[in-house]
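Okay, predicted coordinates and the sequence, questions at the end:
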Amino acid sequence: MPSSRVYKEKLYAIADSMGLCEDKVNGLFSELLTIIPNSGKLYKYKALETFHIDELELKYVWFSSAKCLNDNKDCTFNANFLQEINSLVKFFLKDNNYRKTLINGFYLAVSKNNPEITPQIVKDCLDCIAKRGSKIGKLRFDSFCKRYHLTKIQKQKLLDTIDKYSDDKQNEAFIRKSISNLMAQAEEIRNSNLILSLTTSFKKDSMWAYYCHNKGICIEYDFSKITSYDLKKLFINTERVQYGHKRKFRYTDIIKASLDNDANSLIKADKMIMDQLLTKDKSWSTEEEWRVILHDRGNFVGRKISVDIISAIYIDYSILKKKKTKQIIRIAKNNGWAIYVRFFDGLEVEYRYETIKETNRLLKEIDQFRTATAN
C-alpha cells in the first residue's frame, strides 16, 4: 500500500496537467483511495444555522477561497518580501533574465490554446517589435495577433509585455518598481486557491463544538463513488495537511525553474508551493485535515463542484426536531444515505452515534433508569 508521501511524489512528477491522460488519472485515483482513511471516506462539519441545504439537494461541495479560511496564516507564503524583492532584482539584472521571464510569461499565457507557439516564436516577435521601430512593430504586432487568434485579453497582455521588453526598461529602477507589488501578488495568488477542507472522523468532539457549536451535522463523503474522468482529475489533488513550521519560500527558485523548464526543477518548485498550502501550525493538528486544492486565478469567492459522493449524515440530537433538520433527513432518505444521531449517553459518559430508532430506544432506557434511581 503506497504512503501519502509516495503518492505526492507521483502526483508532483506530472508537471503539466496536459499529461494527465485517462489511464494516468485512473491509476492515481485508485492509489489515492488506498491512502485516504476509512476506506476512502472523509468528513465535513457544518453548523445548522449557516448550512446551505441545497448542497444536499443539488449534490455539490463548496470550494472556499483561501481568503475565507479561519486562520490568516493558512496558505500564506513564508517569505520576507523585502529580501525576496532584492533577490529577484539581482536575478533579473543578470543574463537578460528579466526579458527571458517576460517571454516565458507571455508564452505560458497563450500556449495552452496555441500549441504551435514556442518561446522562440514569442522572442522573435518581441525582438522585432522592440528593435525595428513603431511602424514595423505595429505590423508585426497585428500579424502576430491575427495569426494566433489572440483574444482581447491576450492582446493586452502582449502590449504590456512589449512595453516592459523595451530597451529603456532593462534597468534596476524599472525592474524594482515592476515587482514592488510582490506582496499583493502573493496575496492574490493565495486567495485564488480554492480549498475543500475535510477531516478523518465524525467523532471529533472539538470540531463538533468549534464548527457546529454542538448544533449541527457532519457529512460523510465517500470518494470511491467518484467515477468520471473530470472529477477524478480534480480530486486526485486531495492531500493530507502536515503540521509544523513552514519552510522558507523563495520566489527566485520558482522563476528559475520556469525558465529552465527542467522536469526535476519544476517538480521541486511545485513541492515548494504545495508545502506552503499544506502546512499548518501545530495547534491545528487535532483536526487531522485533508484538503482538496483547486487553483482558480482571480476567483476570491469560491466555487460549487457538482459531485454525488455523500454516503452518510451525522446529526446532533439537539437539532433533531428542527424544521431544517427534518428536510435534511428527508433528502438523506430519498438518496439512500445513512442517518445517524449524535447524543450524549449519561450512563456511559460519552457521545454515541446511532440510528434514529436506536437513539430513541436508548434515550428512553436512560430516562427510565434515571426515574428508577431517583425513586
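Sure, I can see it.

Averaged pLDDT, whichever strand or helix holds Gln120. What do you get?
Here Gln120, judged by DSSP states H and E, is contained in helix 119-131. On average, the pLDDT along helix 119-131 is 91.

what packs against it?
helix 97-110, helix 134-147, helix 152-165 (3 or more Cβ pairs under 8 Å, 6 or more residues apart in numbering; DSSP states H and E). Any C-beta I mention is one placed from the backbone N, CA and C, and that applies to glycine too.

which residues sit against stretch 33-49?
With contacts defined as Cβ atoms under 8 Å, 6 or more residues apart in numbering, stretch 33-49 is touched by 1-4, 7, 61, 197-202, 204, 207-208, 211-213, 215-224, 238, 240, 290, 311, 319, 322, 324-325.

returning to what we had before: may I see the helices and strands packed on helix 119-131 arranged in TSV, with mean pLDDT, distance to Asn360 and mean neighbour count as well?
Below are those laid out as TSV (pLDDT from 0 to 100; distance: least, Cβ to Cβ, whole Å; neighbours: other Cβ atoms under 10 Å):
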stretch	mean pLDDT	distance to Asn360	mean neighbour count
helix 97-110	94	60	19
helix 134-147	85	70	14
helix 152-165	93	60	15
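
Select, out of these, the one closest to Thr373.
Within the helices and strands packed on helix 119-131, the stretch nearest Thr373 is helix 97-110; the backing value is 72.9 Å (Cβ to Cβ).

show me what contacts Arg342?
Contacts of Arg342 by Cβ under 8 Å, 6+ apart are 202, 208, 218, 314-317, 351-353.

Can you add distance to Asn171 and give the helices and strands packed on helix 119-131 back as CSV?
Shown next, in CSV, are those (distance: least, Cβ to Cβ, whole Å):
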stretch, distance to Asn171
helix 97-110, 9
helix 134-147, 21
helix 152-165, 12
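
between those, which one is nearest to Tyr251?
helix 97-110 (11.3 Å).

Just the angle for that closest one relative to helix 152-165, thanks.
Following axes from the mean of the first three to the mean of the last three Cα atoms, to 10 degrees, one obtains 170 degrees for the angle between helix 97-110 and helix 152-165.

List the contacts of stretch 320-332.
With Cβ under 8 Å, 6+ apart, stretch 320-332 has contacts from 48, 51, 53, 56-57, 217, 313, 315, 319, 338-339, 341, 356.

can you give me how far that stretch is from the chain middle?
31 Å (Cα atoms, centre = their mean, to the nearest Å).

what's the closest of the helices and strands packed on helix 119-131 to Gly302?
helix 152-165 (22.9 Å).

now the closest one and helix 119-131, what's the angle there?
Using the same axes, to 10 degrees: helix 152-165 against helix 119-131 is 60 degrees.

Contacts for helix 152-165, please.
Against helix 152-165 from outside (Cβ under 8 Å, 6+ apart): 98-99, 102-103, 105-106, 109-110, 126, 129-130, 137, 141, 144-145, 150, 169, 174, 178.

next one: stretch 61-72
44, 52, 55, 74-75, 190-197, 221, 277, 280-281, 284, 292, 294, 296, 299-305, 307, 309.

What subset of those is buried?
By neighbour count, with 16 or more other Cβ atoms under 10 Å, the contacts of stretch 61-72 hold 44, 55, 74-75, 190-197, 221, 277, 280, 292, 294, 299, 302, 305, 307, 309 as buried.

so of those residues, which ones are in helices?
Counted as lying in helices by DSSP state H, out of the buried ones among the contacts of stretch 61-72, are 55, 190-191, 277.

Dig out what Ile310 forms beta bridges with.
Following DSSP bridges, Ile310 is listed with bridge partners Tyr221.

That one - how many residues pack around it?
22 (other Cβ atoms under 10 Å).

same check, this time on the one 10 residues further on
Applying other Cβ under 10 Å, we find 16 other residues in the vicinity of Leu320.

Relative to Tyr314, how far out is it?
Per Cβ to Cβ, to the nearest Å, Leu320 is found 12 Å from Tyr314.

Quick check: neighbours shared by the two?
In contact with both Leu320 and Tyr314: Val341, using Cβ under 8 Å, 6+ apart.

which residues in the stretch 251-375 of the chain form helices?
Along the stretch 251-375 of the chain, counting by DSSP state H, counting those that start in this stretch, helices occupy 251-260, 263-277, 323-335, 356-374.

Now the longest one: average pLDDT?
In other words, helix 356-374. pLDDT averaged over helix 356-374 gives 84.

buried residues in it?
359, 362-363, 366.

again with the third one
For helix 323-335, burial by neighbour count (16+ other Cβ under 10 Å) applies to 325, 328-329, 331-332.

would a markdown table of the residues you listed with pLDDT be doable?
Supplementary listing: the buried residues of helix 323-335 in a markdown table, determined by pLDDT from 0 to 100:
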| residue | pLDDT |
| --- | --- |
| Thr325 | 97 |
| Ile328 | 98 |
| Ile329 | 97 |
| Ile331 | 98 |
| Ala332 | 98 |
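
Sketch out the low-pLDDT regions of the protein for me.
1-2, 15-19, 133-134, 136, 374-375 (pLDDT under 70).

can you rerun that using 80?
Residue ranges of the chain with pLDDT under 80: 1-3, 14-19, 132-137, 297-299, 369-375.

With Val122 as the reference, measure out to the most centrally placed residue in the chain.
The centre of the chain sits closest to Ile293, judged by Cα atoms, centre = their mean, with a distance of 1.8 Å. Between Ile293 and Val122 the computed distance is 30 Å (Cβ to Cβ).
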